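Colleague: make a model of this:
(one chain, ligands or ions: 1)
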Amino acid sequence: MENFSPDVLISEEEIALRIDALAKAISDDFAGQELVVVCVLKGAFMFCSDLIKKIELPINLEFIQVSSYGDGTTSSGSIELKLDLTGSIAGKNVLMVEDIVDTGLTIKSLFEIMELRKPKSLKLASLLFKPDRNVHKMPIDYLGFEIEDKFVIGYGLDYAGRYRELPYVGVLNAGN
Ligand code: IMP
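Modeller: Okay, the predicted model is just below:
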């Protein structure tokens, strides 16, 4: 484990360039307005942190955390709210920030919860999207990268709680 070195799939430099473009698009789309940015814990913490540094708008940062019930790899599961927002989002522009949209269950369920709270607008930014496994079709307004159906780690994403601290998105080698 000590000598373990994942393969780089998306480098730190590629991520930074993409974030610059996403932040510019977000800043342009909401020009002159305030934005509530909701970071979906834990996986989106690094993406969200780098993204908000580049968005040129007044931002109110919130956190939310959910977990899947039962078999989290199937699309028929449901989610449990583990940590909720601290403030009201009624009448506000809200940007949800996710690490990855896989089956789409997590973000679809989160959008249902958020929409009940009557925001002025509700948009989604996701660093990654795996189209091969997507069941719950949700428009991703600001997407970093579309990737193949591989399990990725790093830049916030974990495998069994590990590798979140890596500055790049990587894949685990077979045999590790
Ligand atoms: P979904 O509900 O199937 O879209 O799954 C979304 C969540 O599953 C993400 O927020 C991640 O926490 C986790 N996840 C899905 N694919 C991966 C992966 O390749 N690496 C790490 N976590 C993943």
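
Colleague: touching the ligand at all, whichever strand or helix holds Leu95?
Modeller: Per DSSP states H and E: Leu95 is located in strand 93-101. Yes. Counting by Cβ under 6 Å from any ligand atom, contacts between strand 93-101 and the ligand involve Glu98, Asp99, Ile100, Val101. To be clear about C-beta, it is placed using only N, CA and C from the backbone, and glycine gets the same treatment.

Colleague: and the top helix by length along the chain with strand 93-101, angle?
Modeller: Ranked by residue count and defined by DSSP state H, the top helix of the chain is helix 12-29. Interaxial angle, helix 12-29 versus strand 93-101 (axes from the mean of the first three to the mean of the last three Cα atoms, to 10 degrees): 150 degrees.

Colleague: who does helix 12-29 touch, helix- and strand-wise?
Modeller: The helices and strands touching helix 12-29, judged by 3 or more Cβ pairs under 8 Å, 6 or more residues apart in numbering; DSSP states H and E, are helix 45-54, strand 121-129, strand 142-146.

Colleague: list the buried ones in the second one?
Modeller: When burial is assessed from 16 or more other Cβ atoms under 10 Å, strand 121-129 yields the following buried residues: Leu122, Lys123, Leu124, Ala125, Ser126, Leu127, Leu128, Phe129.

Colleague: again, but for the shortest one
Modeller: Along strand 142-146, these residues count as buried under the neighbour rule (16+ other Cβ under 10 Å): Tyr142, Leu143, Gly144, Phe145.

Colleague: show me what that strand is packed up against.
Modeller: By 3+ Cβ pairs under 8 Å, 6+ apart, strand 142-146 packs against helix 12-29, strand 121-129.

Colleague: save the ones you listed as TSV, and put in distance to the ligand and mean pLDDT too.
Modeller: Written out in TSV, the entries for the helices and strands packed on strand 142-146 read as follows (distance: least, Cβ to the nearest ligand atom, whole Å; pLDDT from 0 to 100):
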stretch	distance to the ligand	mean pLDDT
helix 12-29	15	98
strand 121-129	8	98
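
Colleague: ok so, going back, restrict the buried residues of strand 142-146 to contacts with the ligand.
Modeller: Intersecting these with the contacts of the ligand gives an empty set (criterion: Cβ under 6 Å from any ligand atom).
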